[in-house]
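S.K.: here is my input; please provide its structure:
(2 chains)
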Amino acid sequence: MAKMKKKAGEINSSSMADIAFLLLIFFLVTTTMDVDMGMRRTLPPLAEDEEQQPEDIKLKERNVLIVNVSKSGKIMVGDQIYDRGDLVRNGGESKLSKETFNFLVDPDRSEKKKTLIESNIEYDLSVGVVSLKADNETTFDVYMQVQDELTHAFNQYRSYVSEKVYGKTFDELDADQQNNLRTKLPPKISEAEPNDQTNK
Amino acid sequence: MAKKGKKEVPAMSTSSLPDIVFMLLFFFMAATTMRDNDPQVVVNVPHAHEITELDKSITTNVWVGQLQSRSAEGAALSIQFNDDIIRVDQMGDYIADRLVEKGYESATSMLVNLRVHETATVGKVTELKQELRRAEAYSISYAAKPY
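M.R.: Now for the predicted structure:
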């Protein structure tokens, strides 16, 4: 009965599975799968004194798109009035994001400045800034929707630039190129300070 | 020869079972994060398209909404920082404590995730943002869920 001959005694590992199962169940219960999603923004440092702002921060009027949100959810962009329906995306674009995108692209609206995108690649990037002001009574979901559409316009502009510069959409670029474009073309949305607003 | 070689069917080896279970275990350990603080305020964040995943290791959550215990129509908004309900003007102190706790050099290396209820007012958020600027916590995010 050579077949019955055992190898050097193995450790019985049948309980290993039980232990691992216990651990597995512990992790299943104590953890959540959902990831935090959010829209990132960088707040400006507090200005010591409004008068002390450096000259280059003061922007020309044509380079600022003023977006005002009233407490009833009406949105004033420049001199046009939009309502909440214009924030809804129709065929991928909303009226507000189209308007913002036009503001950035149109050579007659915001100024374009030659910027070095990569060594020996230059492109005329818009210096346009969106100034977003909202009434203190505006609800946060309207505010977020407006922010969303404005960010979308900047992302569209980034994709537009990427197609002009690299001949590819932003999503097709490699990670380095994407990061590079992200730093060169951040969404320039300035959120108003409270003293800019009425009744504060 | 064929008859001689006939063997009994050996018991199925279960030795690979732990390996499989360990693989699952590692997957879950890697893919999941610990449940963070339970919100004491009612917060239903708005929807948005243009959102990105946040790095949990640097994120500090701040909730803005009505207290769960008295979430009546028109009740005042409360702010929750980690597990505490705080006033707006306490924000700076809490940020400072958080920095020490996390061992950060400055508030710029941390991301404050604002989880604001969709019907909260922008005024409250602006107040909060002013406090954050005062505390030099410039990096923020507005929490939202994808459509």
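
S.K.: right, and the helix or strand after the biggest helix by length in chain A?
M.R.: Identified as the longest helix of chain A according to DSSP state H is helix A:140-166. Where DSSP states H and E defines the elements, the next helix or strand beyond helix A:140-166 is helix A:175-184.

S.K.: tell me the pLDDT of residue 133.
M.R.: In the absence of a named chain, chain A is used. On pLDDT, residue A:133 comes in at 88.

S.K.: actually it's chain B I care about, not the one you picked
M.R.: So residue B:133 comes in at 88 (pLDDT).

S.K.: ditto for the one 5 residues further on
M.R.: Taken from the predicted model, the pLDDT recorded for residue B:138 is 88.

S.K.: give the contact list for it.
M.R.: By Cβ atoms under 8 Å, 6 or more residues apart in numbering or on different chains, the contact set of residue B:138 is A:42-45, B:107-108, B:132. For glycine as for every other residue, the C-beta is placed from the backbone atoms N, C-alpha and C.

S.K.: now it: closest residue in space, sequence neighbours ignored.
M.R.: residue A:43 (4.5 Å; Cβ to Cβ, 6 or more residues apart in numbering or on different chains).

S.K.: isn't that neighbour right up against residue B:134?
M.R.: No - counting by Cβ atoms under 8 Å, residue A:43 stays clear of residue B:134, with 10.2 Å between them.

S.K.: can you name every helix or strand that the lengthiest helix in chain B contacts?
M.R.: Using DSSP H to define each element, chain B has its longest helix at helix B:17-31. Using 3 or more Cβ pairs under 8 Å, 6 or more residues apart in numbering or on different chains; DSSP states H and E, the elements in contact with helix B:17-31 are helix A:14-30.

S.K.: does any part of stretch A:160-171 sit near chain B?
M.R.: No - using Cβ under 8 Å from any Cβ of the partner chain, we find that stretch A:160-171 stays clear of chain B, coming within 12.6 Å at best.

S.K.: what's the mean pLDDT across that stretch?
M.R.: On average, the pLDDT along stretch A:160-171 is 85.

S.K.: next, the buried residues of it.
M.R.: Buried positions in stretch A:160-171, judged by neighbour count with 16 or more other Cβ atoms under 10 Å in any protein chain shown: A:160-162, A:165-166, A:170.

S.K.: now what about that stretch, what contacts it?
M.R.: The contact list for stretch A:160-171 (Cβ under 8 Å, 6+ apart) reads A:101, A:105, A:117, A:121, A:123, A:125, A:155, A:158-159, A:173, A:177-178, A:181, A:185.

S.K.: try 10 Å this time
M.R.: A:101, A:104-105, A:115, A:117-118, A:121-126, A:155-159, A:172-174, A:177-178, A:181-182, A:184-185 (Cβ atoms under 10 Å, 6 or more residues apart in numbering or on different chains).

S.K.: of those, select the buried ones using a ChimeraX command.
M.R.: The buried residues among the contacts of stretch A:160-171 can be selected in ChimeraX (16+ other Cβ under 10 Å) with this line:
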select /A:101,104,105,117,123,125,126,155,156,157,158,159,173,177,181,185
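
S.K.: what is the least confident helix or strand in chain B?
M.R.: Across the helices and strands of chain B, mean pLDDT, DSSP states H and E gives its lowest value to strand B:33-34, namely a mean of 64.

S.K.: over to chain A?
M.R.: Ranking every helix and strand in chain A by mean pLDDT, DSSP H and E puts strand A:31-32 at the bottom, with a mean of 69.

S.K.: and chain A, is the longest strand seen in chain B touching that?
M.R.: Longest strand of chain B, by residue count under DSSP state E: strand B:59-67. Yes - if you take Cβ under 10 Å from any Cβ of the partner chain as the test, strand B:59-67 does meet chain A, through B:59, B:61, B:64-65.
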